[in-house]
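# sharing a model that was predicted from the sequence below.
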Amino acid sequence: MTSDYRWYWAAGFVLLMTLVYFLQPILSPFLIGMLLAYLGDPLVDRLETHGLSRTLGVVVVFAVASSILVIALIILIPMLGHQIETLRENVPAMIDWFHNRALPWVEAKLGIAVSEFRLDAVREGLKEHLGQTTSVVAAVIAKATKSTMALMTLAANLVMIPVVSFYLLRDWDLIVARCRDMIPRHHEPLVAKLMHDCDEVLGAFIRGQLLVMGCLGVIYWLGLWMVGLELALLIGLLAGLASIVPYLGFFVGIVAALLAAVFQFGDLFHLIAVVAVFSVGQMIEGMVLTPLLVGDRIGLHPVAVIFAILAGGQLFGFVGILLALPLAAVIMVLLRYFYQRYRESAAYGKPLVAADVNDAVESSEVEEK
């Protein structure tokens, strides 16, 4: 590639980032639609191998996915809304318990001065803000209806997501083939290999990790429900979402569940039961879910995942969060490629083999004598 073409590619990349920055308000439904099309493409391909047309395969996948989503929403939203209301009502009491019992115990046992924590002010502030609405759903509706334009934008986005997903999923293979045809012929084999590696990493993470997150959320929810925890669904959902970073969901979930169990029950048995639930969940994740659904191709370090999500959100908001992991996967594959090229280059130097090392040692010994 000549320097002129490199400047073209650099200018195109800068232009793309500029467009992303200025078009953030309208990009979300397109990016979500692209993500859904990417997730659904393997299923449609599999249906095509069984004799269905591409369009019919897309319709089948859409119908099944929409049915599952509607059933899940019908079942989970009322339960989740009830638990959020329970949490909202109990937060001031939790703060009182923490201020009147937990902190004095810590102060007496450890000799740490904790009386400066003004939790009473925090409690009053929470009571003031949480008491402004009587329902979580009502709060969301009230916020959405403050602006007619905001409500229309939300409705348009909700309608556009399935439409964009359908057309992208129907033409996914064609779009990929057209993009591949645009690659310069002398670079096409290398770019195709790198994009294949990116697809393996990204597919393993997004498809596999999303399934792991969902399974862990259900496991934690059912386990905490069997223990009798009132906030089982809320904590299970929180732990499942936090599992996008390995082990983060375990720590977030077990801390939240232990605090809720101490406040609700206050005995050792239920604390041990909570620890058992999360221990079983970790065993199932490590021995079954991750090897089966993700495998060893993910390659994204947990710290890199956290940094990518935070950096994307800081730079481009919600659009940046959607773009963070795909860009992180591409960057990681490119870094691996350039690292391998560096190891094979003259700048790194040819490593000494065992015979060369022995010759060097013998020659130094002869020179010393």
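Nice, thanks for sending it over. Numbering: from 1, shown residues only.
# now the strand or helix carrying residue 56: average pLDDT?
Using DSSP states H and E, residue 56 sits within helix 54-97. Averaged across helix 54-97, pLDDT comes to 84.
# same for that helix, what does it pack against?
Contacts defined by 3 or more C-beta pairs under 8 Å, 6 or more residues apart in numbering; DSSP states H and E place helix 54-97 against helix 24-49, helix 119-130, helix 136-144, helix 148-170, helix 232-242, helix 248-264. From N, CA and C alone the C-beta is placed, and that goes for glycine too.
# just the pLDDT at residue 321, thanks.
Predicted confidence (pLDDT) for residue 321: 76.
# ok, now which ones touch it?
309, 312, 313 (C-beta atoms under 8 Å, 6 or more residues apart in numbering).
# list the contacts of stretch 203-217.
35, 38-39, 42, 236-237, 239-241, 243-244, 249, 281, 284-285, 289-290, 293-295, 297-298, 300, 325, 329.
# starting at the chain centroid, how far to that stretch?
Put simply, stretch 203-217 sits 9 Å off its chain's centre (C-alpha atoms, centre = their mean, to the nearest Å).
# now do it: distance from first to last residue.
Criterion C-alpha to C-alpha, to the nearest Å; first-to-last residue distance in stretch 203-217 is 21 Å.
# tell me which residues of that stretch are tucked away?
203-206, 208-210, 212-217 (16 or more other C-beta atoms under 10 Å).
# which ones among these lie within helices?
Mapping the buried residues of stretch 203-217 onto helices (DSSP state H) picks out 203, 209, 210, 212, 213, 214, 215, 216, 217.
# that older thread, just the closest of the contacts of residue 321 to residue 89, please.
Nearest to residue 89 out of the contacts of residue 321 is residue 313 (C-beta to C-beta; 30.8 Å).
# wait, that closest one touches residue 320, no?
Yes. Counting by C-beta atoms under 8 Å, residue 313 does reach residue 320; the two are 5.3 Å apart.
# among these two, which residue is more densely surrounded?
residue 320 (20 against 15; other C-beta atoms under 10 Å).
# contacts only, for that one.
311, 312, 313, 314.
# how near is the last one to residue 321?
As judged by C-beta to C-beta, to the nearest Å, residue 314 and residue 321 stand 10 Å apart.
# stretch 155-172: how far from the chain's middle?
Worked out by C-alpha atoms, centre = their mean, stretch 155-172 lies 22 Å from the chain centre.
# now swap in stretch 57-65 and tell me
For stretch 57-65, the distance to the chain centre is 24 Å (C-alpha atoms, centre = their mean).
# next, the buried residues of it.
Buried, per 16+ other C-beta under 10 Å, within stretch 57-65: 57, 58, 59, 61, 62, 65.
# now the first one: closest residue in space that isn't a chain neighbour?
Take residue 57 and drop its neighbours on the chain: the residue closest to it by C-beta to C-beta, 6 or more residues apart in numbering is residue 47, 3.7 Å away.
# worst-scoring helix or strand of this structure, pLDDT-wise?
helix 354-368 (a mean of 48; mean pLDDT, DSSP states H and E).
# kindly supply the ChimeraX command isolating those of the contacts of stretch 203-217 that are buried.
Selecting only the buried entries of the contacts of stretch 203-217 in ChimeraX, with 16+ other C-beta under 10 Å as the criterion:
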select :35,38,39,236,237,239,240,241,243,244,249,281,285,289,290,293,294,298,300,325,329
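# okay, now the unreliable bits of the stretch 201-350 of the chain?
294-300, 350 (pLDDT under 70).
# tell me how many other residues surround residue 261.
25.
# wait, what's in contact with it?
227, 229, 270, 271, 273, 274 are the contacts of residue 261 under C-beta under 8 Å, 6+ apart.
# mind checking how far the first one is from residue 159?
If I follow you right, that is residue 227. 41 Å.
# of these two, which one has the most company?
residue 227 (20 against 11).
# which residue is the nearest non-sequential neighbour of that one?
Closest to residue 227 by C-beta to C-beta, 6+ apart is residue 273, at 4.5 Å.
# would you point out which residue is most central in the chain?
The residue lying closest to the centre of the chain (C-alpha atoms, centre = their mean) is residue 244, at 4.1 Å.
# before we move on, what SS does that residue have?
coil (DSSP: H, G, I helix; E, B strand; the rest coil).
# isn't it up against residue 305?
Yes. With contacts defined as C-beta under 8 Å, residue 244 counts as touching residue 305 at a distance of 6.9 Å.
# contacting residues around residue 161?
29, 32, 33, 36.
# residue 84: which of the residues you listed is nearest?
residue 32 (23.9 Å).
# what about residue 333, neighbour count?
21.
# for it, give its distance to residue 316.
Distance from residue 333 to residue 316, by C-beta to C-beta: 21 Å.
# quick one on the thing from earlier: how about JSON lines for the contacts of residue 161, with pLDDT added?
Written out in JSON lines, the entries for these read as follows (pLDDT from 0 to 100):
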{"residue": "29", "pLDDT": "85"}
{"residue": "32", "pLDDT": "86"}
{"residue": "33", "pLDDT": "88"}
{"residue": "36", "pLDDT": "88"}
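# out of those, flag the one nearest to residue 257.
residue 32 (30.8 Å).
# how close does the closest residue to the closest one other than its chain neighbours get to residue 155?
Distances taken as C-beta to C-beta, 6+ apart put residue 161 closest to residue 32, at 5.3 Å, once the chain neighbours are dropped. Distance from residue 161 to residue 155, counting by C-beta to C-beta: 11 Å.
# buried set for the host helix or strand of residue 10?
Assessed by DSSP H and E, residue 10 sits inside helix 3-22. Within helix 3-22, the residues that count as buried by 16+ other C-beta under 10 Å are residue 20.
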